[in-house]
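Peer 1: Kindly return the folded structure for what I paste below:
(one chain, ligands or ions: 3)
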Amino acid sequence: MSKKILVLAGDGIGTEIVAEAVKVLNVLQAEGAIDVSMQDGLVGGAAYDAAGDPLPEETLEAARASDAVLLGAVGGPKWEPLHISKRPEKGLLGLRSGLGLFANLRPAILYPQLADASTLKPEVVSGLDIMIVRELTGDIYFGQPRGVETLPSGERRGFNTMVYTESEVERICRVAFDIAMKRGKKVCSVDKANVLECTEMWREVAIQTARDYPEIALSHMYVDNAAMQLVRAPKQFDVMVTGNIFGDILSDCAAMLTGSIGMLPSASLNEKGQGMYEPIHGSAPDIAGKGVANPLATILSVAMMLRYSLDAAPAAERIEAAVSKVLDQGLRTADIMSSGMRQVGTAEMGDAVVAEL
Ligand code: NAD
Ligand code: IPM
Ligand code: MN
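Peer 2: Ligands and ions are numbered 1, 2, ... in the order given. Modelled structure (predicted):
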C-alpha cells in the first residue's frame, strides 16, 4: 500500500536541500523501489507569511495523516522580531509535540572519505559511529512555568522550567537500550545530576530501567564532561541518551566530528511508528539562496525515513551507498571541502547521488 509523505521544506536552505531529497525519492519511486505519495505543506516562517501561523492546523492535520514527514529547516532573521508564539521554531516544536515525537535519533557517523574534513585529527574521528538518542518532547523546551515577568522593582525576570516525569525518562531510555542491543550494547546517559534534581531523577530511572537489559553496559556522564569527551575521545561512545536541551547541544558538537553539520540526519519517532525526518542543522541564513548548502544530511534523513517508517531498508542502504560513492568521486560541497577535491553546489551534489543510486 502506498505510504504518505508530507514534505515541509520550511525556510532558508530548507527549500534547497529538500528539493535534492525529493529528487532521490522520485527516482526510487519511478523504478518501483518504493511506493509513496508526496504532498507539500507549509511550516515555519513560510507558513507564517502565508497564513499568519508557523504551524497552520492544516499542516498539523496533514502530518497526523501521514506515515512520515520530511522537513528541511525553519527560522531566519526575518522572523526574529515576532512574538515567540509566532516564530518559525514554534512550528517545528508544535509538530514534535503534536505528533508525540519523543524519540530523536541523531547518528554521528564519519564517512571515511571525510576524515580530513573534520576539524579534529583523522585518528580521533576515524571509524566514528555514535547514536545520540535525544528526548524531544519534554524538558525545559516545554516545561511550565515559563515566561518573562516584570517585578515590582520594574526589573524583568525570565524563567523556564526543566521538567521530566519518570515515565518520559523510562520511555526514552528503553529506546536507547533497544538500539544499543543491536549495536555495541554500551549506553552513556548524560545528565547534570550533580546540580539539577530533575536530572538526578533521570539518572535513577535510567539505572532502574537498565535492570531489564542485563547485557547493556550503562554509564553516566555529566553534560559538561560529555561535551569535552566528545572532542577529546569520541570513539568511547556507542549510544548516548539524554534530555532535550543537552541533546540539542551535544548533537551539534558531534556533527562537527563527522566533518560538518551538513552531514547529520535525524529521525523523530512516536509510539505509533510515525516519524519526522530532518537534518539536525537549521536554515543557515548566511548561505541561504546561494545554492551551496550541503544536501547530504537531508538525503540521509530520507534513508532513515525509508528504514524506520516506510519499511524499505534495502532502498535506505542504496541511498547510503550512493552517498559514499559520491564522496569517493571526490565531490564536496563547500562545508566539507578539502584539498584535491572538487567543489560542487547543492543541486550538483543531489544529482550526483541520484546518478549513483
Ligand atoms: P544553522 O544550523 O542554521 O547554521 C549554523 C552554521 O552551519 C552556519 O554557518 C550555516 O551556514 C552552517 N550550515 C548549516 N547547515 C548547513 C548545510 N546543510 N550545509 C552547509 N553549511 C551548513 O544554525 P543557526 O545559524 O544557529 O540558526 C539559523 C536559523 O535556523 C535560526 O532561525 C534557528 O532557530 C534555525 N534552526 C532551525 C533548525 C531546524 O529547523 N531543525 C535547527 C537549528 C536551527
Ligand atoms: C534542532 C533545532 C531546534 C531545537 C530548534 C530550531 C527549535 O536546534 O532541531 O536541533 O532546538 O530542537
Ligand atoms: Mn539544534
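Peer 1: Can you tell me the element Val195 falls in?
Peer 2: Per DSSP states H and E: Val195 is located in neither a helix nor a strand.
Peer 1: so how far is Met38 from it?
Peer 2: From Val195 over to Met38 the distance is 46 Å, taken as C-beta to C-beta, to the nearest Å. Backbone N, C-alpha and C define where each C-beta goes, glycine included.
Peer 1: neighbours around the residue lying closest to Gly259 once chain neighbours are set aside, how many?
Peer 2: The shortest distance from Gly259 to any non-neighbouring residue, by C-beta to C-beta, 6 or more residues apart in numbering, is to Ala117 (3.4 Å). Residues lying near Ala117 (other C-beta atoms under 10 Å) number 22.
Peer 1: that's a helix at Ala117, yeah?
Peer 2: No - using DSSP: H, G, I helix; E, B strand; the rest coil, the assignment for Ala117 is coil, not a helix.
Peer 1: phi, psi of it?
Peer 2: The phi/psi pair for Ala117 (degrees, to the nearest 10) reads phi -80, psi -20.
Peer 1: List every C-alpha atom in the helix or strand where Trp202 lies, with coordinates, as CSV.
Peer 2: Per DSSP H and E: Trp202 is located in helix 197-210. Presented in CSV, the C-alpha positions along helix 197-210 are these (Å, rounded to 0.1, in the frame of the first residue of the first chain):
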residue,chain,number,x,y,z
GLU,A,197,17.2,17.4,40.8
CYS,A,198,15.3,16.8,37.6
THR,A,199,18.3,15.0,36.1
GLU,A,200,19.2,13.3,39.4
MET,A,201,15.9,11.6,39.0
TRP,A,202,16.8,10.9,35.3
ARG,A,203,19.8,9.0,36.4
GLU,A,204,17.9,6.9,38.9
VAL,A,205,15.3,6.0,36.3
ALA,A,206,18.0,5.1,33.8
ILE,A,207,19.6,2.8,36.3
GLN,A,208,16.2,1.2,37.2
THR,A,209,15.2,0.7,33.6
ALA,A,210,18.6,-0.8,32.7
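Peer 1: which other helices and strands contact the helix or strand that that helix is followed by?
Peer 2: Using DSSP H and E, the helix or strand that follows helix 197-210 in sequence is strand 217-222. Where contact means 3 or more C-beta pairs under 8 Å, 6 or more residues apart in numbering; DSSP states H and E, strand 217-222 is packed against strand 186-191, helix 197-210.
Peer 1: Could you list the buried residues of strand 217-222?
Peer 2: Using 16 or more other C-beta atoms under 10 Å as the burial criterion, the residues of strand 217-222 that qualify are 218, 220-222.
Peer 1: how deep is the spatially closest residue to Gly127 that is not a sequence neighbour tucked in, by neighbour count?
Peer 2: Among residues not flanking Gly127 along the chain, Lys235 sits closest, at 6.4 Å (C-beta to C-beta, 6+ apart). Lys235 has 15 neighbouring residues, counting by other C-beta under 10 Å.
Peer 1: Hmm, Ala334 and the residue nearest to Gly259 touching each other?
Peer 2: No - assessed by C-beta atoms under 8 Å, Ala117 is found out of contact with Ala334, at 10.8 Å.
Peer 1: hmm, back to that, out of the helices and strands packed on strand 217-222, which comes closest to Gly350?
Peer 2: For the helices and strands packed on strand 217-222, proximity to Gly350 was assessed by C-beta to C-beta; strand 186-191 is nearest, at 34.4 Å.
Peer 1: List just the one of the helices and strands packed on strand 217-222 that sits closest to ligand 2.
Peer 2: Closest to ligand 2 of the helices and strands packed on strand 217-222 is strand 186-191 (C-beta to the nearest ligand atom; 15.7 Å).
Peer 1: Figure out how far the closest one is from the centre of its chain.
Peer 2: Offset of strand 186-191 from its chain centre (C-alpha atoms, centre = their mean, to the nearest Å): 18 Å.
Peer 1: who does the helix or strand containing Arg307 touch, helix- and strand-wise?
Peer 2: Counting by DSSP H and E, the element that carries Arg307 is helix 296-308. Secondary-structure packing of helix 296-308 (3+ C-beta pairs under 8 Å, 6+ apart): helix 14-30, strand 68-73, strand 103-109, strand 267-269, strand 275-277, helix 313-328, helix 346-356.
Peer 1: Up against ligand 1, what does the stretch 151-300 of the chain have?
Peer 2: Within the stretch 151-300 of the chain, the positions adjacent to ligand 1 are 261-262, 278, 281-287, 293-294, 297 by C-beta under 6 Å from any ligand atom.
Peer 1: repeat that with 5 Å
Peer 2: 261-262, 281-284, 286-287, 293-294 (C-beta under 5 Å from any ligand atom).
Peer 1: about what we covered before: looking at Val195 and Met38, which is more packed in?
Peer 2: With neighbours defined as other C-beta under 10 Å, Val195 and Met38 compare such that Met38 has more, 15 against 12.
Peer 1: How about that one: what's its closest non-neighbour residue?
Peer 2: Ile5 is the one closest to Met38 (C-beta to C-beta, 6+ apart), at 4.9 Å.
Peer 1: still on that earlier bit, let me have the helices and strands packed on helix 296-308 in TSV, extended by mean neighbour count and mean pLDDT.
Peer 2: Formatted as TSV, the helices and strands packed on helix 296-308 follow (neighbours: other C-beta atoms under 10 Å; pLDDT from 0 to 100):
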stretch	mean neighbour count	mean pLDDT
helix 14-30	22	98
strand 68-73	27	98
strand 103-109	23	98
strand 267-269	24	98
strand 275-277	27	98
helix 313-328	18	98
helix 346-356	19	98
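Peer 1: which stretch among those comes nearest Glu123?
Peer 2: Of all those, it is strand 103-109 that lies closest to Glu123, at 16.8 Å by C-beta to C-beta.
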